[in-house]
Every structure is written in C-alpha cells, then in structure tokens.
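Participant: Show me the folded form of this:
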Amino acid sequence: MKKLMTILLSIFLISGCVGDRLDFRHKGSVYKKNSNLLCIDSKPGDSITYYLLSSSKNNYHPPLMFEDNINRKYPDTCLPIALKQNISYNIIIVCQHRPT
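Facilitator: Numbering: from 1, shown residues only. Predicted coordinates for the structure are as follows:
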C-alpha cells in the first residue's frame, strides 16, 4: 500500500496595515480520506474560515484551491482534490474553535 502524503501546515506571519497582524502560531494536521478527499483534522466546535492549498508542481502559485470568508463547521472539513505522488503540498488554514 502506498504511503499517504504528508502535508505540513506552514507557520508564517501575514502582515497588512501597521498594527494589523495575523499570526499563524499552531501547526495542525490533515489526512487523506479515500482517493479524492483531503480532510482537515478538527473536532466539534471547530469552524474553518479560510484555507489556501498550493503545490510544488507549479511552484506554489497560483493556489490549487482557495476559500475565504467561509464557515465550514465540523465535520464538513474535507476538500475534494486528488493528490498526486511526488508532489509537495502546502495548506494554510484559519480555524476557530468555539466550545460546544
């Protein structure tokens, strides 16, 4: 059986206007479900509000998938995409957790 691809979440700083900073501090995890679903590991109360998926095939630009101002609540945190072997992927996610 082929190994599942490992996707690492990047930790980096996005800066806008002076004093307006969004800091990505925590690594998360994703997993491959079936052959065409990439799922963001989440739990009850989690809500995905932003994601950007890119690959090394096109030097990480333009993004393969991107959504902003969304509200994907657990358990609806899977993205329909067929990942390919020997290609590195990068996903950036903004996830909010609200206690249930």
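
Participant: From now on I want contacts and neighbour counts done on CA atoms only, so please keep to that.
Facilitator: Fine.

Participant: any chance you could map the strands in the protein?
Facilitator: Under the criterion DSSP state E, the chain contains strands at 8-9, 13-15, 21-23, 30-33, 37-40, 46-55, 65-73, 78-80, 89-97.

Participant: Save those as JSON lines, and put in mean neighbour count and mean pLDDT too.
Facilitator: Output for those, formatted as JSON lines (neighbours: other C-alpha atoms under 10 Å; pLDDT from 0 to 100):
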{"stretch": "strand 8-9", "mean neighbour count": "16", "mean pLDDT": "30"}
{"stretch": "strand 13-15", "mean neighbour count": "11", "mean pLDDT": "32"}
{"stretch": "strand 21-23", "mean neighbour count": "11", "mean pLDDT": "53"}
{"stretch": "strand 30-33", "mean neighbour count": "16", "mean pLDDT": "88"}
{"stretch": "strand 37-40", "mean neighbour count": "19", "mean pLDDT": "90"}
{"stretch": "strand 46-55", "mean neighbour count": "19", "mean pLDDT": "91"}
{"stretch": "strand 65-73", "mean neighbour count": "14", "mean pLDDT": "93"}
{"stretch": "strand 78-80", "mean neighbour count": "15", "mean pLDDT": "92"}
{"stretch": "strand 89-97", "mean neighbour count": "17", "mean pLDDT": "86"}
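
Participant: Lys27 - how many residues pack around it?
Facilitator: 11 (other C-alpha atoms under 10 Å).

Participant: Tell me the bridge partners for the residue lying closest to Pro63 once chain neighbours are set aside.
Facilitator: Spatially, and ignoring its direct neighbours in sequence, Pro63 is nearest to Ser54 (4.5 Å; C-alpha to C-alpha, 6 or more residues apart in numbering). With DSSP bridges applied, Ser54 shows beta-bridge pairing to Asn90.

Participant: change the start of the numbering to 156 and stick with it
Facilitator: Understood, numbering begins at 156; the last thing we discussed is Ser209.

Participant: Ser209 against Ile242, yeah?
Facilitator: No - the pair Ser209 / Ile242 is not scored as a contact, 10.3 Å apart, by C-alpha atoms under 8 Å.

Participant: For Tyr186, which non-adjacent residue is closest in space?
Facilitator: Cys194 is the one closest to Tyr186 (C-alpha to C-alpha, 6+ apart), at 5.3 Å.
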